[in-house]
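In: I would like the atomic coordinates for the input below:
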Amino acid sequence: MGLSRGTNEFIATTARAQRAAVSDLTTGRIAVEVTGLTKRYGGVVALAGVDLRVGEGEFFTLLGPSGSGKTTLLRLIAGFEIPDSGRIELAECDVTNIPPYARNVNTVFQDYALFPHMTVSENIEYGLRVRRVPKAERGRRAAAALERVRLSGLGERKPAQLSGGQRQRVALARAIVNEPEVLLLDEPLGALDLKLRQEMQLELQRVQREVAITFVYVTHDQEEALSMSDRIAVLNQGRIEQIGTPLEVYERPLTAFVAGFIGISNLIERHGKQITVRPEKISLLRDGEAVPEGVRVETGRIRDVSYAGVLTRYVVELDAGGELVVARQNNADSVMLTADQDKAVRIAWRPDQEYTITHEQQANLPIGGK
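Out: Predicted coordinates for the structure are as follows:
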């Protein structure tokens, strides 16, 4: 299927943004580089000419919704899939056609894939045993890996005797004991409850800093990506729409998709331009409250109120068209009740708190991925 002129312009614009985003890596060693990577499954394009660089020692996250191609990209880097076109390099060596076992990478999956009949230590030592590492060395390295993930003393237990969080740590220990150049993590925290997932996010960050291994992490959870990553690649329909630090992709989204997917979509059109302003940047003005000079003010009505513990979210339908979500921290003076729905209000934000979307939104193509 041919691409429209507008779509080709979008692809070119996105490619320029990607090149600009990775230019800061020229002074360091590149751990992973993919160029023009394309993968199809029948008539479905899972990846469409993806370019990506990951620096040595980075915690790099592939973020996107289901079907965006993030897991396909991870599997290609691991060697579980062969690209239809493009090139994959690890530590500046072409591994495009090299099988998984010959690549110096390890993968941690969401289901952990632990051997139930083996002890924790035997699970961790398995890869070393396949490589015929001497028994004493295997034991020493497995014990060190257990200590690193804070599971010392549990080496003789079976996986069934561990909690979900402990099994996740065993899978991580088994991956890092082989000392790979790159560790690939495919939504490893997806099966955990919220509190445990938040604890494991901190653990993964700590381990990554200690072992200094490049992490390439797949998730669809925006908060997880923002809190853990050095840089993020936001994928949509088989293409990378933006690469940047968490601050860059949240505060300065390049496309309407990124603005809507990272956090709450707060897009309105004014004077022929699409602008976005984050909910926490907007003030809900009190009746008669004076407006500081230079602040942008719009009027509207509260269409919905949602209490979320530490804050309350207000959906404000604007008189000038469109709607914005306003997040207001809850304290003794600020809680408003749902009875305030349909109330006329004024909202305000500083001009430097809004961001203009300058890149064309991607056309709706028959593209999807794993």
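In: Just the C-alphas of the helix or strand hosting L185, formatted as CSV.
Out: Here L185 sits within strand 182-186, counting by DSSP states H and E. The C-alpha coordinates for strand 182-186 follow below in CSV (Å, rounded to 0.1, in the frame of the first residue of the first chain):
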residue,chain,number,x,y,z
VAL,A,182,22.2,-5.3,27.2
LEU,A,183,19.3,-6.5,29.4
LEU,A,184,15.9,-6.5,27.7
LEU,A,185,12.8,-6.3,29.9
ASP,A,186,9.4,-7.0,28.5
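In: What's the first helix or strand after that strand?
Out: Next along the chain from strand 182-186, counting by DSSP H and E, comes helix 194-211.
In: In PDB, list the C-alpha atoms belonging to the next helix or strand after that following helix.
Out: Later in the chain than helix 194-211, the nearest helix or strand by DSSP H and E is strand 214-219. C-alpha atoms of strand 214-219 as PDB (Å, rounded to 0.1, in the frame of the first residue of the first chain):
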ATOM      1  CA  THR A 214      22.100  -1.100  29.600                       C
ATOM      2  CA  PHE A 215      18.400  -1.700  30.200                       C
ATOM      3  CA  VAL A 216      15.900  -1.600  27.400                       C
ATOM      4  CA  TYR A 217      12.500  -1.700  29.100                       C
ATOM      5  CA  VAL A 218       9.100  -2.200  27.500                       C
ATOM      6  CA  THR A 219       6.000  -0.900  29.100                       C
END
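In: Can you give the strand pairings for strand 214-219, parallel or anti for each?
Out: strand 59-63 (parallel), strand 182-186 (parallel) (DSSP bridges).
In: now it: how far from the chain's centre is it?
Out: Relative to the chain's own centre, strand 214-219 is displaced by 8 Å; criterion: C-alpha atoms, centre = their mean, to the nearest Å.
In: Report the inter-axis angle for it versus helix 194-211.
Out: 160 degrees (axes from the mean of the first three to the mean of the last three C-alpha atoms, to 10 degrees).
In: rewinding a little: between the strands paired with strand 214-219, which one is nearest to P253?
Out: Closest approach to P253 among the strands paired with strand 214-219 (C-beta to C-beta): strand 59-63, 12.4 Å. Where C-beta positions appear, they are placed from N, C-alpha and C, glycine not excepted.
In: Sketch out the strands for the stretch 101-250 of the chain, chain order is fine.
Out: Using DSSP state E, counting those that start in this stretch, the strands of the stretch 101-250 of the chain run over 105-108, 182-186, 214-219, 231-236, 239-244.
In: Would you map the helices across this structure?
Out: Assigned by DSSP state H, the helices in the chain fall at 5-22, 70-78, 120-130, 135-148, 164-176, 194-211, 222-228, 246-251, 256-261.
In: F59 is nearest to which of those helices?
Out: helix 194-211 (5.3 Å).
In: Could you check how far the residue nearest the centre of the chain is from Q242?
Out: Centrality entry for the chain: nearest residue to the mean C-alpha point is L63, 3.2 Å, by C-alpha atoms, centre = their mean. Distance, L63 to Q242, by C-beta to C-beta, to the nearest Å: 10 Å.
In: tell me, what's touching these two both at once?
Out: Shared between the contact lists of L63 and Q242 (criterion: C-beta atoms under 8 Å, 6 or more residues apart in numbering) are residues A233, V234.
In: got the domain boundaries for this structure?
Out: The chain breaks down by automatic domain parsing into domains covering 5-257, 273-356.
In: Pick the most buried one from those.
Out: domain 5-257 (a mean of 18; mean count of other C-beta atoms under 10 Å).
In: Now do it: distance to the chain's middle.
Out: 11 Å.
In: so how far is G263 from the residue nearest to the residue nearest to the centre of the chain when sequence neighbours are not counted?
Out: Closest residue to L63 apart from its sequence neighbours, by C-beta to C-beta, 6 or more residues apart in numbering: A225 at 4.4 Å. For A225, the distance to G263 (C-beta to C-beta) stands at 11 Å.
In: Equivalent analysis for H117, please.
Out: H117 is 45 Å from G263, by C-beta to C-beta.
In: repeat for V211
Out: 31 Å.
In: Check P279 too.
Out: 8 Å.
In: next one: E92
Out: For E92 relative to G263 (C-beta to C-beta), the value is 36 Å.
In: go on, F59?
Out: 20 Å.
In: same thing with S229?
Out: 15 Å.
In: Also N236?
Out: 15 Å.
In: Next up, phi/psi of T96, please.
Out: Per-residue torsions, T96: phi -50, psi -40 (degrees, to the nearest 10).
In: so V211 touches V177, yeah?
Out: No - judged on C-beta atoms under 8 Å, V211 makes no contact with V177 at a distance of 10.1 Å.
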